[in-house]
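Q: When you get a sec, could you give me coordinates for this:
(one chain, ligands or ions: 1)
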Amino acid sequence: MSNNAPIGVFDSGIGGLTVVKELIELMPGEEYIYFGDTARMPYGPRPAEQILEFMHQILQFFAEKQVKMAVVACNTMTALGIDMARQHYPFPLVGVNAGVDLALSVSPGKNFGVIATQATIASGKHAKVALEKDKEVSVYSQACPKLVPLIENEQIEGSQIESAVAEYLLPMKQAGVESIILGCTHYPFVSSVIEKIVGRDIVLVNPARETAMDAYRILQEQNCLSTKGQGKVRLCFSADVEQAKKMAGYMLDTRQVDFELVNLQK
Ligand code: DGL
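A: You can find the predicted model right below:
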């Protein structure tokens, strides 16, 4: 693994940019290539085999780019495919941190919620990780299928997103959760809407920072951090690059960023 090879980061769409933001903040000297599969998002409602097939296509793309690491900035692909993918690729794979330690640290009554895609909730991953850490924990899991398409279409404020958030989150608030894990990388785009609906007494847990820290730790352990002072960022999408560029502007300073249309289905 060469120090100055790029880091690949990917998601079904723009959601993984919430992780890219943290990666750049933590490791500004790295070169990043991002792939967002905007042509085929959302992944959450798709069958597991199809999600795995798409994940392999993306990892093949990164293998061709000779990345030194791939960050799976998607909870859905992390939950369904990371263990299997690790056996097939020569570079380390970092998945989205489950956020359970963080949630437990801000939930003294051990009562927290998780919102995510249908596939992630069906995998039961967060509840499993939580119960392995503490048998007394109580996890309220909720799939939120309306959120990703709204966010991708820039509906990040206003009545439509507010009513979808209320529909999914008010029952969880009534159940008394102390914190909520944003278990889909798209959701930090609407954290202020979520906060408005559930109130500030419930802590929102965004695992993006932890995920970036996990990546940093592995590169450091393997002596593979970049030796350059300033890195670069290229964001690739499989459709709607102009729309993706607009959304990227909510998360990143895009002035020095390159954008590219990439079609994986050759
Ligand atoms: N952002 C993704 C996640 O964290 C998936 C969104 C989707 O395509 O359904 O799960």
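
Q: What pLDDT is listed against the residue nearest to residue 264 when sequence neighbours are not counted?
A: Closest residue to residue 264 apart from its sequence neighbours, by Cβ to Cβ, 6 or more residues apart in numbering: residue 57 at 4.7 Å. Every C-beta, even on glycine, is put in place using the N, C-alpha and C of the backbone. pLDDT for residue 57: 97.

Q: Can you classify residue 57 as helix, strand or coil?
A: helix (DSSP: H, G, I helix; E, B strand; the rest coil).

Q: Would you mind listing what in this structure touches the ligand?
A: 11-13, 15, 41-44, 74-76, 117, 120, 148, 184-186 (Cβ under 6 Å from any ligand atom).

Q: From those, list the buried ones, please.
A: When the residues of the chain next to the ligand are checked for burial by 16 or more other Cβ atoms under 10 Å, the buried set is 11-13, 15, 41-44, 74-76, 117, 120, 148, 184-186.

Q: Name whatever forms a beta bridge with residue 179.
A: Judged by DSSP bridges, the bridge partners of residue 179 are residue 112, residue 203.

Q: What is the burial count for it?
A: When neighbours are counted by other Cβ atoms under 10 Å, residue 179 registers 20.

Q: again with the one 4 residues further on
A: By the other Cβ under 10 Å criterion, the neighbourhood of residue 183 contains 28 residues.

Q: so it makes contact with residue 78?
A: No. Residue 183 lies out of contact with residue 78 (Cβ atoms under 8 Å); the separation is 9.8 Å.

Q: In the stretch 101-250 of the chain, what residue spans correspond to helices?
A: Assigned by DSSP state H, counting those that start in this stretch, the helices in the stretch 101-250 of the chain fall at 118-123, 125-133, 147-152, 159-174, 191-198, 208-221, 241-251.

Q: among those helices, which is the most enclosed?
A: Sort the helices of the stretch 101-250 of the chain by mean neighbour count, taking mean count of other Cβ atoms under 10 Å, and helix 147-152 sits at the top with a mean of 23.

Q: Who are the packing partners of that one?
A: helix 159-174 (3 or more Cβ pairs under 8 Å, 6 or more residues apart in numbering; DSSP states H and E).

Q: Low-confidence ranges, the stretch 1-150 of the chain, go.
A: Across the stretch 1-150 of the chain, residues meeting the criterion (pLDDT under 70) sit at 1.
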